[in-house]
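Asks: no sequence for this one, just the structure:
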């Protein structure tokens, strides 16, 4: 039974690692739909999702809680930790979007909320609110109300009637070519108070992320900075933009947390190991943080026998739990060896029988079986 249980656990780990991702496909979004590109891009990135029946429903509205969550995901900050959350009277820490709302406030996307106020999470997000949040994510040039009115009045029929609170954000958005207007209307209008549709939200968030790559606001700029540190340099690791890649075949040290040996362990036994120091690129960008947790099983354990064979102890790693508490696939393997001088190598090659062991103080090297891509700004592993 113990053997069967180990096999079952191993199969479960493998199944978890091989779960396929959902492809972009919405029957109610034609390829020539005006926001198809933005919807596809954000769907591929997991920022927006469809309904259980497989549709996208582009003309449906979006709640304020949903938009805050989408904005944080679009900016890649869903794993940021907030030390001092703000208190709202209508949401509690167990509310599904609580963390995303707190992050939206922290990153100054929502700038007017105070302790003890209402967030109105179930209200539809308006075009004004969505556009203002998108502009707040950026570092922009200051403009006057007169300048805002000037640029808006050239294009929008309702420019002279928009709320004063929206004048500057709308002007900045127009200058950056970020305002989203659904095509097909006789008059081009801002319609700030109208609820934003799901298609409009996708387009607004897409424009926001494109601009944020160039000019994020101060807090986002710090969060989006690639993190550096000292540690073990992974051979062959590469950097492209904010993404680091550990190639298949790269070797790295780990520390086993429990004693294993060819005498006391069995094939199929599970093990846990720790990353002893940061894994870094040659430029010192951090790929994997120290103390990340590795899990796997002993793939092959055979004790040494005189005149027959030396001991065999092979580790097969499956998963990693990162400093973000992300559990991701981390396929690697390693075989224990002992360093011997030339005489002992001759003795072992002739007589055989050597036993192998690893203690929590020992360093074991694993070899990565599949390439691994990592967001260097937050340590998140792409799957």
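Replies: Yep, it's here. Since the model is a prediction, treat every value here as computed from it, not as a measurement.
Asks: how about the contacts made by residue 206?
Replies: 37, 38, 41, 42, 74 (C-beta atoms under 8 Å, 6 or more residues apart in numbering). All C-beta atoms are positioned from the backbone trio N, CA, C, and that covers glycine.
Asks: does the second one touch residue 202 like I think?
Replies: Yes. The pair residue 38 and residue 202 qualifies as a contact (C-beta atoms under 8 Å) at a distance of 4.5 Å.
Asks: got any ranges where the stretch 201-350 of the chain has weak pLDDT?
Replies: The stretch 201-350 of the chain contains residues with pLDDT under 70 at 306-309, 338-350.
Asks: that older thread, so residue 38 and residue 202 - more neighbours on which side?
Replies: residue 202 (29 against 23; other C-beta atoms under 10 Å).
Asks: residues in contact with that one?
Replies: Residue 202 sits next to 35, 38, 39, 42, 48, 58 when contact means C-beta under 8 Å, 6+ apart.
Asks: likewise residue 263?
Replies: Per C-beta under 8 Å, 6+ apart, neighbours of residue 263: 303, 355, 357.
Asks: show me where the stretch 201-350 of the chain has its strands.
Replies: 232-233, 238-240, 243-246, 251-256, 260-261, 270-274, 279-280, 286-288, 293-302, 312-321, 327-335 (DSSP state E, counting those that start in this stretch).
Asks: just the terminal-to-terminal distance for stretch 124-143.
Replies: 29 Å (C-alpha to C-alpha, to the nearest Å).
Asks: for that stretch, buried residues please.
Replies: 124-138, 140, 143 (16 or more other C-beta atoms under 10 Å).
Asks: before we move on, what about stretch 142-149?
Replies: Applying 16+ other C-beta under 10 Å to stretch 142-149 flags 143, 147, 148, 149 as buried.
Asks: now stretch 226-243
Replies: Those would be 226, 227, 231, 232, 233, 234, 237, 239, 242, for stretch 226-243 by 16+ other C-beta under 10 Å.
Asks: the closest residue to residue 370 other than its chain neighbours and residue 294, how far apart?
Replies: Nearest residue to residue 370 in three dimensions, chain neighbours excluded: residue 331, at 5.0 Å (C-beta to C-beta, 6 or more residues apart in numbering). Distance, residue 331 to residue 294, using C-beta to C-beta, to the nearest Å: 11 Å.
Asks: one more: residue 312?
Replies: Taking C-beta to C-beta, one finds residue 312 at 21 Å from residue 294.
Asks: list the residues that contact the closest residue to residue 312 other than its chain neighbours.
Replies: Take residue 312 and drop its neighbours on the chain: the residue closest to it by C-beta to C-beta, 6+ apart is residue 302, 4.2 Å away. Residue 302 makes contacts with 262, 309, 311, 312, 313, as judged by C-beta under 8 Å, 6+ apart.
Asks: and the contacts of stretch 141-150?
Replies: With C-beta under 8 Å, 6+ apart, stretch 141-150 has contacts from 159, 160, 164, 167, 168, 170, 171, 172, 174, 175.
Asks: thinking again about what came up before, farthest-separated two in the buried residues of stretch 226-243?
Replies: 232 and 242 (21.0 Å; C-beta to C-beta).
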